[in-house]
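[1] predicted model follows, preceded by the sequence.
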Amino acid sequence: QVQLAESGGGLVQPGGSLRLSCAASGSIYRIKAMGWYRQAPEKQRELVAAITSDGNTNYADFVKGRFTISGDSAKITLSLQMNSLNPEDTAVYYCYARGFRSLFDYRRKAESDLWGQGTQVTVSS
């Protein structure tokens with residue numbers, strides 16, 4: 001059973017930076033894409049940034065130019081460099097991966113979604 005675990009959250013002042021990391025325990029046959037989502041209190045979970053197995057990236061408009069996603073689908077590791085943080089970035093950040101757990105699943109195109117437990121990011125003075 002593959003599990004994702006985030007690290008690197010914490011309290012930071014407005015304008016500051018944080019780097020989130022995500023690592024997997026266990027193995028999975030193939031990863032299609034990985035990404036970061038976030039959920040602020042009383043708000044829906046939203047996509048922050050994503051990266052495909054061939055390196056294509058996608059960012060939400062509210063983080064473009066401030067956040068950078070990087071990852072290795074073979075090692076199932078993921079990072080999010082967050083700069084110029086503001087209070088609106090305060091949320092629980094979740095690591096996400098979509099892939100195939102086994103060759104059997106790959107052949108029948110049965111994708112699985114994996115989620116981490118989340119890490120709190122608080123931007124406050």
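    It's in. Computed from a predicted model, the values in this text were never measured in an experiment. Numbering: from 1, shown residues only.
[2] buried stuff in the helix or strand encompassing A24?
    Element membership for A24, per DSSP states H and E: strand 18-25. Counting neighbours by 16 or more other C-beta atoms under 10 Å, one finds that the buried residues in strand 18-25 are 18, 20-24. Just so you know, the C-beta spots here come from the backbone N, C-alpha and C atoms, and that holds for glycine as well.
[3] stretch 63-83 too?
    So, applying 16+ other C-beta under 10 Å, buried residues of stretch 63-83: 63, 67, 69, 71, 73, 76, 78-80, 82.
[4] what's the mean pLDDT across that stretch?
    The predicted model assigns stretch 63-83 a mean pLDDT of 95.
[5] now the residue nearest in space to the middle of the chain: which helix or strand?
    Nearest to the geometric centre of the chain sits W36, at 2.4 Å (C-alpha atoms, centre = their mean). Using DSSP H and E, W36 sits in strand 30-39.
[6] which parts of that strand are buried?
    Those would be 31, 33-38, for strand 30-39 by 16+ other C-beta under 10 Å.
[7] residues in contact with stretch 69-84?
    2, 4, 15, 17-24, 28, 30-36, 48-53, 57, 59, 63, 66-68, 89, 93, 95, 97, 99, 121 (C-beta atoms under 8 Å, 6 or more residues apart in numbering).
[8] for R19, name its beta-bridge partners.
    Taking DSSP bridges as the rule, R19 bridges to Q81.
[9] tell me how far it lies from I69.
    As judged by C-beta to C-beta, to the nearest Å, R19 and I69 stand 11 Å apart.
[10] cool, S7 as well?
    Relative to I69, S7 is positioned 16 Å away (C-beta to C-beta).
[11] for the chain, which segments count as helices?
    With helices called from DSSP state H, the chain shows them at 103-107.
[12] what does G16 show for phi and psi?
    Note on G16: its backbone torsions stand at phi -80, psi -180 [degrees, to the nearest 10].
[13] kind regards, and thank you for your time.
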